[in-house]
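Participant: Whatever this is, show me its structure:
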Amino acid sequence: MVTESDLTNRSVGLGGLPDREGRTTLDACIQDHDGRCGAVACLEHIEHPISVARAIMERTPHVMLVGEGAYDWATANGFPRKDVDLPEVRKAYAEWLRESNYAPVVNRENHDTIGLVVRTADGRLAGSCTTSGMAYKIHGRVGDSPIIGAGLFVDGEVGAACSTGTGELVIRTVGSHTVVELMRQGVEPTEACRQAVRRILRFLKDPKAHQVGFIALRADGAWGAAAIQTGFTVAVRNTAGTQLVKAEALWSGG
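Facilitator: Numbers count the residues shown, from 1 in each chain. Predicted coordinates for the structure are as follows:
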């Protein structure tokens, strides 16, 4: 929620760069230790999509609401509309319109995500993802972030995983679910992330143009991460303190 409220962030929340129609649409999902989950996609004018996702999980029989229906449900359930007009964003969009060239840059804020996986002191797991998606995407595009099993997956008996980067690649491999299932088979967290990245690299013809990173958290607290390219940083907080760790990259160019 802190990141969603940060209007200087161009890849999460209402400060995110818009789609090709100039509209900022938000995606988010959440899942708990017992597998309960909620998600929202293509949501506009709501500050905290992650809170809407949680409310969907807790108050409805559904997992995902999208677009206008998600907005109507959110406002009817106490989430206020918020309109944001940022001159910097308007200027960037106007400049993009001159050529309308869709060419996301790796490791820049135009296609990033805030993914979070946690373990409580008593061993319960949870996770969440929230994003404004790729800058200048086709209106209605939804990436991996709100999709349970792709951008996020939590199994209280095994572990949790989340992803960031080019969502289409993660969806094709059901990436976060893959990481958790590998841990279920006894694969260490970092190696599970490596194997999930390798599955993407098998069919990815141009790794230079894409980034995908995975974070894995095992039920016993062990964690790991890996990415296609350098530049994916993980924030780790535990009883030893807080640190930023650069994830291992599996593709070095060439």
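Participant: got a list of what the closest residue to Val158 other than its chain neighbours touches?
Facilitator: Excluding its sequence neighbours, the residue lying closest to Val158 (C-beta to C-beta, 6 or more residues apart in numbering) is Arg184, at 4.7 Å. For glycine as for every other residue, the C-beta is placed from the backbone atoms N, C-alpha and C. Shown in contact with Arg184 (C-beta atoms under 8 Å, 6 or more residues apart in numbering): 155, 158-159.
Participant: go on, Gly143?
Facilitator: Residues in contact with Gly143 (C-beta under 8 Å, 6+ apart) are 27, 131, 133-134, 151, 166-168, 170-171.
Participant: Let's see the pLDDT reported for the residue nearest to Val158.
Facilitator: Arg184 is assigned 98 on the pLDDT scale.
Participant: where does it fall, phi/psi-wise?
Facilitator: With angles defined as degrees, to the nearest 10, Arg184 sits at phi -60, psi -30.
Participant: if you go through this protein in chain order, where are the helices?
Facilitator: Using DSSP state H, the helices of the chain run over 49-59, 67-76, 87-99, 167-173, 175-184, 189-203.
Participant: Mean neighbour count, these: which tops it?
Facilitator: Ranked by mean neighbour count, these are led by helix 175-184 with a mean of 25 (mean count of other C-beta atoms under 10 Å).
Participant: In PDB, list the C-alpha atoms belonging to that one.
Facilitator: Output of helix 175-184 as PDB, limited to C-alpha atoms (Å, rounded to 0.1, in the frame of the first residue of the first chain):
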ATOM      1  CA  GLY A 175       5.900 -19.300 -13.200                       C
ATOM      2  CA  SER A 176       5.200 -18.900  -9.500                       C
ATOM      3  CA  HIS A 177       3.300 -22.100  -9.300                       C
ATOM      4  CA  THR A 178       6.300 -23.800 -11.100                       C
ATOM      5  CA  VAL A 179       8.700 -22.500  -8.400                       C
ATOM      6  CA  VAL A 180       6.500 -23.700  -5.500                       C
ATOM      7  CA  GLU A 181       6.000 -27.100  -7.100                       C
ATOM      8  CA  LEU A 182       9.700 -27.500  -7.600                       C
ATOM      9  CA  MET A 183      10.200 -26.700  -3.900                       C
ATOM     10  CA  ARG A 184       7.500 -29.400  -3.100                       C
END
